[in-house]
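Colleague: okay, structure incoming, though there's no sequence with it:
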Ligand SMILES: NC(=O)c1ccc[n+]([C@@H]2O[C@H](COP(=O)([O-])OP(=O)(O)OC[C@H]3O[C@@H](n4cnc5c(N)ncnc54)[C@H](OP(=O)(O)O)[C@@H]3O)[C@@H](O)[C@H]2O)c1
């Protein structure tokens with residue numbers, strides 16, 4: 001089967017011809033129709049988990065996807081042949097991922113039936129980023145009446161957080177370059193704030209821009225891009241008792257506690273329950289997942305390089 005894989009950590013992802021996986025006990029083999037791209041995919045290729053997870057090479061990249069159940073292993077009870085499913089796929093240990101004609105997932109794992117009316121390219125864009133957005137908003141305990149700053153608002157996770165924080169009744173300030181200010185407002189942001197990539201010039205000082213409007217501070221920061229020094233800087237915007245949530249494990253909870261704040265590093269776990277919650281949100285149009293571009297499988301290496309370079313304005317979906 002055709003798949004996008006790396007031959008070793010640090011290698012450039014490439015189109016390869018690899019054996020089709022067989023579903024083992026409790027496993028489902030899915031004929032993939034579309035796969036969603038996340039920053040994790042190129043971070044995995046770089047070796048992000050090389051010291052913590054056993055890996056087989058060639059390693060097929062990709063986690064998110066949608067397709068049709070082709071075959072099931074012994075003991076599978078929940079899903080059956082021919083069903084349309086979406087969720088997370090693969091096994092790093094076995095070198096398997098979602099950027100392939102066939103992918104493996106578990107019957108008791110992060111996969112669910114696709115909601116009626118959802119198309120494959122849309123479904124593939126949902127899982128990882130939207131689950132992270134949900135977990136960030138939940139774990140930051142975003143509530144009605146709060147003022148919340150979303151940092152990294154224009155990408156996959158950020159657009160979800162803007163919508164879900166707004167749905168919770170919070171006043172949302174979204175970071176946005178000029179080209180995305182209108183989109184952010186349409187997704188539910190009450191205000192947008194400009195930023196520079198490194199935030200080191202006085203004119204582009206994010207804190208000053210927020211304080212100019214909210215001089216008594218804000219209640220929460222939902223941040224998917226800042227490193228630890230930047231989180232310490234941005235945390236100055238928070239009122240006593242405020243929360244700083246990071247999806248990139250950049251927050252130092254002890255340091256936040258010393259400032260009278262709560263710091264949380266968030267992992268957006270995927271499960272059938274989380275996927276069902278996301279399906280309901282999409283069904284109700286409370287969560288719109290913006291597909292920025294669709295590319296054929298052979299162009300996935302270029303799409304991974306483009307995501308690494310920055311500038312995401314929504315999700316990239318790979319048509320298998
Ligand atoms: N912990 C988890 O479970 C989990 C789950 C999902 C994702 N993540 C992580 O969360 C991060 C974001 O993921 P994603 O899928 O949303 O990425 P993405 O789709 O690539 O979006 C990132 C967005 O952030 C913007 N950005 C970059 N630097 C910024 C800055 N200094 N201030 C404000 N905005 C900035 C980018 O636009 P410009 O480049 O134009 O600035 C882009 O729109 C990734 O590192 C990912 O690995 C973690």
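Modeller: It's in. Quantities reported herein were computed from a predicted structural model and do not represent experimental measurements.
Colleague: who in this structure is up against the ligand?
Modeller: 38-40, 128-129, 132, 151-152, 154-158, 175, 177, 195, 197, 224-225, 247-248, 266-268, 307, 310-312 (C-beta under 6 Å from any ligand atom). In this view, the C-beta of every residue, glycine as well, is placed from N, C-alpha and C.
Colleague: repeat that for 5 Å
Modeller: Within the chain, the residues that sit near the ligand (C-beta under 5 Å from any ligand atom) are 39-40, 129, 132, 152, 154-157, 175, 195, 224-225, 247-248, 267-268, 310-312.
Colleague: please pick the buried ones from those.
Modeller: Buried subset of those (neighbour count, 16 or more other C-beta atoms under 10 Å): 39-40, 129, 132, 152, 154-157, 175, 195, 224-225, 247-248, 268, 312.
Colleague: inside helices: which ones of the residues you listed?
Modeller: If you go by DSSP state H, those have 39-40, 129, 132, 156-157 in helices.
Colleague: so which strand or helix has residue 112?
Modeller: Element membership of residue 112, judged by DSSP states H and E, is strand 111-113.
Colleague: and the residue of the stretch 1-150 of the chain closest to the ligand?
Modeller: residue 132 (3.3 Å; C-beta to the nearest ligand atom).
Colleague: nearest residue to that residue other than its sequence neighbours?
Modeller: Using C-beta to C-beta, 6 or more residues apart in numbering and skipping residues adjacent in sequence, the residue nearest residue 132 is residue 268, 3.2 Å away.
Colleague: residue contacts, that neighbour?
Modeller: 128, 131-136, 157, 247, 274 (C-beta atoms under 8 Å, 6 or more residues apart in numbering).
Colleague: show the pLDDT at it.
Modeller: pLDDT recorded at residue 268 is 91.
Colleague: which helices and strands does the longest strand along the chain pack with?
Modeller: In the chain, taking DSSP state E as the definition, the longest strand is strand 27-37. Where contact means 3 or more C-beta pairs under 8 Å, 6 or more residues apart in numbering; DSSP states H and E, strand 27-37 is packed against strand 64-72, strand 102-106, helix 120-125, helix 127-139, helix 300-309, strand 315-319.
Colleague: list the buried ones in it?
Modeller: Buried, per 16+ other C-beta under 10 Å, within strand 27-37: 27-30, 32-37.
Colleague: could you do stretch 250-260 as well?
Modeller: Buried-residue list, stretch 250-260, by 16+ other C-beta under 10 Å: 250-252, 256.
Colleague: tell me the span between the first and last residue of stretch 248-265.
Modeller: The straight-line separation of the ends of stretch 248-265 (C-alpha to C-alpha, to the nearest Å) is 7 Å.
Colleague: show me what it is in contact with.
Modeller: 139-140, 223-228, 230-232, 235, 238, 240-246.
Colleague: gap between that stretch and the chain center?
Modeller: Per C-alpha atoms, centre = their mean, to the nearest Å, the displacement of stretch 248-265 from the mean C-alpha position of its chain is 21 Å.
Colleague: report the mean per-residue pLDDT for it.
Modeller: Per-residue scores along stretch 248-265 average to 98.
Colleague: cool, and stretch 294-310?
Modeller: Here the average pLDDT along stretch 294-310 is 97.
Colleague: for the residue most central in space within the chain, give me its contacts.
Modeller: The structure's the chain has its C-alpha centroid closest to residue 129; by C-alpha atoms, centre = their mean the separation is 2.1 Å. Contacts here follow C-beta under 8 Å, 6+ apart; on that basis residue 129 touches 36, 38, 155-157, 160, 289, 315.
Colleague: can you pull the pLDDT of it?
Modeller: Reported pLDDT for residue 129: 98.
Colleague: residue of the stretch 101-250 of the chain closest to the ligand, please.
Modeller: For the stretch 101-250 of the chain, C-beta to the nearest ligand atom, closest residue to the ligand: residue 155, 1.7 Å.
Colleague: now do that residue, the pLDDT please.
Modeller: 97.
Colleague: hang on, the earlier thing: show me which of the contacts of stretch 248-265 are buried.
Modeller: Judged by 16+ other C-beta under 10 Å, buried ones among these: 139-140, 223-226, 230-232, 235, 238, 242-246.
Colleague: neighbours around the nearest residue to residue 276 once chain neighbours are set aside, how many?
Modeller: Closest residue to residue 276 apart from its sequence neighbours, by C-beta to C-beta, 6+ apart: residue 112 at 6.0 Å. Neighbours of residue 112 under the rule other C-beta atoms under 10 Å: 24.
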